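**Q** Predicted model and sequence follow; I will ask about them next.
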Amino acid sequence: MRPIGINTWVWQSPLRDASAPELVAHIAGLGFDLVELPLEQEGDLTADAMRPLLEEHGLAASVVGAMGPGRALVATDEDTVAATQDYLRACIDLAAGVGAPSVCGPFTAETGRTFRMAADERAALIGELRERLAPVVEHAAERGVTLGIEPLNRYETSIITTVEQALDALEPLLGAHLGLALDSYHLGIEERSSADAIRTAGSAIAHVQVCGNDRGAPGGDQTDWHGIRAALDEVGYRGPLVIESFTAENAAIAVAASIWRPLAASQDDLARDGLAFLRELERS
């Protein structure tokens, strides 16, 4: 069965070395196989602190980045590009340091930034993305990590919203150290069929995040989970399924993710229910 993980954004933001021990122990106690570590700012988490903590609790790890204000690889100034590349290298270094195989996120421009583009403008922007992503992919290769680019829904980006767009934009760079990070939430908005999109992505899938169509626990929602599982089986994806949801109690993350109400009776309930559903899905 595929490992089941959960992102610490379910409970708090940002995660730092000082607050990680209690939460990581809690996640292990709930029965997860993996913890997804968001590096919001360089230095929030260090491999020296996190690696022994993960080993103590028998947890694998994945790493995600956050494209907040001031981060972009396209349609911005050179200083912002350089700072964003440095930030992504820091995410990669953290992943290598804790033994995480991938670093994933919507690594194009600030999440929530949208703008119209004519065909020639899009072509130029994709050229920028390839050029500026290339040295980051090179760093990932040097560190033995795979970068996963995540398509987002149309309300959060206008650059890469579908698997087809991602494959087209990234094609010259795709390989062992660059792939796609798929999120069931965004697939459910942008794709005509989440399962078919997974089949289209095929061997380029580096990482998979899951949640209900309401951003809550997977299971009991409108998502065709059995179709998604079957498609993942067909393309040979054996990596983790990681629950990514968010707490409404943290103002910054609630606004960023548009979480305007609680998504479960408690965040622990969200985690437990999602884990139980995914375990059963994997057994079915």
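**A** Cool, the structure landed.
**Q** shouldn't Leu37 be in contact with Ala60?
**A** No: using C-beta atoms under 8 Å as the test, Leu37 is too far from Ala60 to be in contact (10.8 Å). Glycine gets a C-beta too; all of them are placed from N, C-alpha and C.
**Q** between these two, what contacts are shared?
**A** Common contacts of Leu37 and Ala60, defined by C-beta atoms under 8 Å, 6 or more residues apart in numbering, comprise Ala100.
**Q** The two: which is more packed in?
**A** Legend: neighbour count by other C-beta atoms under 10 Å for Leu37 and Ala60, higher for Leu37 (24 against 17).
**Q** hang on, that one in a strand?
**A** Yes: according to DSSP: H, G, I helix; E, B strand; the rest coil, Leu37 belongs to a strand.
**Q** Next one: the residue nearest to it when sequence neighbours are not counted relative to Leu180, how far apart?
**A** Among residues not flanking Leu37 along the chain, Val63 sits closest, at 5.2 Å (C-beta to C-beta, 6 or more residues apart in numbering). Look at Val63 and Leu180: by C-beta to C-beta, to the nearest Å, they are 16 Å apart.
**Q** Would you agree the residue nearest to Leu37 falls within a strand?
**A** Yes: inclusion of Val63 in a strand is indicated when three-state DSSP is applied.
**Q** Could you check how many residues crowd around it?
**A** Neighbours of Val63 using other C-beta under 10 Å come to 26.
**Q** One more: the one 3 residues further on?
**A** For Ala66, the tally of surrounding residues (other C-beta under 10 Å) stands at 20.
**Q** for Ala254, same thing?
**A** 16.
**Q** which residues does Asp268 contact?
**A** Neighbours of Asp268 in contact, by C-beta under 8 Å, 6+ apart: Leu30.
**Q** Checking my notes, it in a helix, right?
**A** Yes: under three-state DSSP, Asp268 falls within a helix.
**Q** do you know how far it is from Gly202?
**A** Per C-beta to C-beta, Asp268 is found 36 Å from Gly202.
**Q** Just give me how far the longest helix belonging to the chain sits from the chain centre.
**A** In the chain, assigned by DSSP state H, the helix with the most residues is helix 119-143. Mean-position distance between helix 119-143 and its chain equals 18 Å (C-alpha atoms, centre = their mean, to the nearest Å).
**Q** Give the other helices and strands that the helix or strand just after it contacts.
**A** Remark: after helix 119-143, the chain's next helix or strand is strand 146-149, criterion DSSP states H and E. The contact analysis (3 or more C-beta pairs under 8 Å, 6 or more residues apart in numbering; DSSP states H and E) places strand 146-149 against strand 102-105, helix 119-143, strand 178-183, strand 205-210.
**Q** how about a cut-off of 6 Å?
**A** strand 102-105, strand 178-183, strand 205-210 (3 or more C-beta pairs under 6 Å, 6 or more residues apart in numbering; DSSP states H and E).
**Q** and Arg132, which of those is closest to it?
**A** strand 178-183 (13.0 Å; C-beta to C-beta).
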